[in-house]
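> Need the 3D shape of this:
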Amino acid sequence: MEVNRTKIVLETRNLSIGYKTRKLSLPILQDLSLELHAGDFIALAGKNGSGKSTFIRTLGGLQEALGGQVFLHGKDLHTIPSSEIAKEIAYVSTDWIQVNNLKLVDLVSLGRFPYTGILGRLSKDDRRYCEEALEITGLNSLRTKLFDELSDGEKQRGMIARALAQQTSIILLDEPIAFLDISHKFEIVRMLSELSRLHDKCILFSIHDLSIAMREAGKLWLIHDQQLHDGAPEDFMLNGRLQEIMSGQALNIQEDTGEFYLPRKRNGQVFILGNGLAYQWTIKALERMNLEVEPTNNPENLTGVKVNEGFWEIYQQGKMIQRCNTILELTLYVHLLKKE
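Numbers count the residues shown, from 1 in each chain. Purely as a prediction, here's the structure:
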């Protein structure tokens, strides 16, 4: 299906977000003028307290803006009844629904509430949309299972299925992968990416894991110092903005791969000879031991590690002093060598 990526579905003009007390307004972000298009897949990243949840809730009409406007399909969001907003914007929060004896299929059917009214009777079309949502999220085989009995990853997919059943053009998700293991984090984000690309959905999700956002998102909105910066993840690397934002922090970023790392204080040096995949992973293991690893092509008078096909050799001044069958053995021996 070809996505119309030029169609603006949600727009902000001079938007300011934050909180109000009886006497004061407490802004977090101000003067935001942004466009969200059909087919957009946007990651919203930033530190805790930077305003990610507040921004998403304001875009969805769940929290009042401090100033400016949000337009949904060209109409001021403030003038649209909540029942109509629910037909265009689905919101997935960080909290899962807690209802005893609730089957997964019944949870998904809650997404049809904007269309069924108070009685909640599902039409043939309502059931079809629910079945489609279960199919898209890969949950058909679990449809009659109790929601409380699902794994965390399955629960999160269930909440997304409920949003899909809502048949909206926009899906807003607040930290959808916050409590998942690494495999399910990538699975959920990749599924959302496919939804935006194949089903003409505009999807905005907040995320703490900047490395996943850099790898998977089509656009990155990064909140830093009460400013929102936008662009493709690659733009942030090429224009130096990400390095600028990361400066002064403990983490560094590898410019060619986009990987984040915590610099180590080196307390020794080792030379390494070899090539291939085992060679690359051996370097990582030795660096983890706070060693400065220097590649070499000269086997003469080698003091360091030679990586062979399926085994490793430790040399001291050109003499082989230990053969190892695994990297674990290698690291154990290097540890002992460092203590001598």
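> how about the nearest residue to His229, chain neighbours excluded?
Excluding its sequence neighbours, the residue lying closest to His229 (Cβ to Cβ, 6 or more residues apart in numbering) is Leu222, at 4.8 Å. (Each C-beta comes from the backbone N, C-alpha and C, glycine too.)
> Which element, helix or strand, includes that neighbour?
In the assignment (DSSP states H and E), Leu222 maps to strand 219-224.
> Give me the sheet partners of that strand and which way each runs.
As defined by DSSP bridges, the strand partners of strand 219-224 come to strand 41-45 (parallel), strand 227-231 (antiparallel).
> Relative to Leu251, which of those is closest?
With Cβ to Cβ, the closest approach to Leu251 among the strands paired with strand 219-224 belongs to strand 41-45: 13.2 Å.
> And for the closest one, what's in contact with it?
Residues outside strand 41-45 that contact it (Cβ atoms under 8 Å, 6 or more residues apart in numbering): 36, 52, 55-56, 192-193, 196-197, 202-208, 210, 212-213, 216-223.
> Rounded mean pLDDT for that strand, please.
Mean per-residue pLDDT for strand 41-45: 96.
> And that strand, what's buried?
Along strand 41-45, these residues count as buried under the neighbour rule (16 or more other Cβ atoms under 10 Å): 41-45.
> for stretch 291-303, same thing?
291, 293, 302.
> For that stretch, what does the pLDDT average out to?
So the average pLDDT for stretch 291-303 ends up being 91.
> For the stretch 201-340 of the chain, just list every one of the strands.
202-207, 219-224, 227-231, 252-253, 260-261, 269-273, 292-295, 304-307, 312-316, 319-324 (DSSP state E, counting those that start in this stretch).
> partners of the first one, with directions?
The one in question is strand 202-207. Here, using DSSP bridges, strand 202-207 pairs with strand 41-45 (parallel), strand 170-173 (parallel).
> Asp273 against Val305, yeah?
Careful, residue 273 is Leu; it's not Asp. Yes. Using Cβ atoms under 8 Å, Leu273 is in contact with Val305, at 7.2 Å.
> neighbour-wise, which of the two wins?
Neighbour totals were compared for Leu273 and Val305, and Val305 leads with 27 against 18 (other Cβ atoms under 10 Å).
> give me every residue that touches the nearest residue to that one once chain neighbours are set aside.
Once flanking residues are discounted, Val305 sits nearest to Ile272: 4.9 Å by Cβ to Cβ, 6+ apart. If a contact means Cβ under 8 Å, 6+ apart, then Ile272 has 279, 282-283, 286, 293-296, 304-307 as its contacts.
> which one of those residues sits closest to Ile28?
Ile283 (42.6 Å).
> Quick check: the gap between the closest one and Leu291.
10 Å (Cβ to Cβ, to the nearest Å).
> How about Leu29: which residues does it bridge to?
Here Leu29, judged by DSSP bridges, has bridge partners Ile17.
> quick one: it and Asn14, what's the gap?
Distance from Leu29 to Asn14, by Cβ to Cβ: 11 Å.
> These two - which one has more neighbours?
Leu29 (21 against 12).
> dump the residue contacts of that one.
15-18, 51, 55, 223, 226-228.
> Name the member of the residues you listed that has the highest neighbour count.
Busiest of the contacts of Leu29 [other Cβ under 10 Å] is Phe55, holding 29 neighbours.
> Excluding covalently adjacent residues, which one is nearest to that residue?
Nearest to Phe55 is Ile17, by Cβ to Cβ, 6+ apart, at 5.5 Å.
> what about the one you found, distance to Lys23?
From Ile17 to Lys23 the distance is 19 Å (Cβ to Cβ).
> and what of Glu292?
Relative to Lys23, and taking Cβ to Cβ, Glu292 is found at 58 Å.
> Kindly report the same for His37.
His37 is 39 Å from Lys23, by Cβ to Cβ.
> same thing with Gly274?
For Gly274 relative to Lys23 (Cβ to Cβ), the value is 68 Å.
> higher neighbour count, those two?
Taking other Cβ under 10 Å, Gly274 and Lys23 do not tie; Gly274 has more neighbours (19 against 5).
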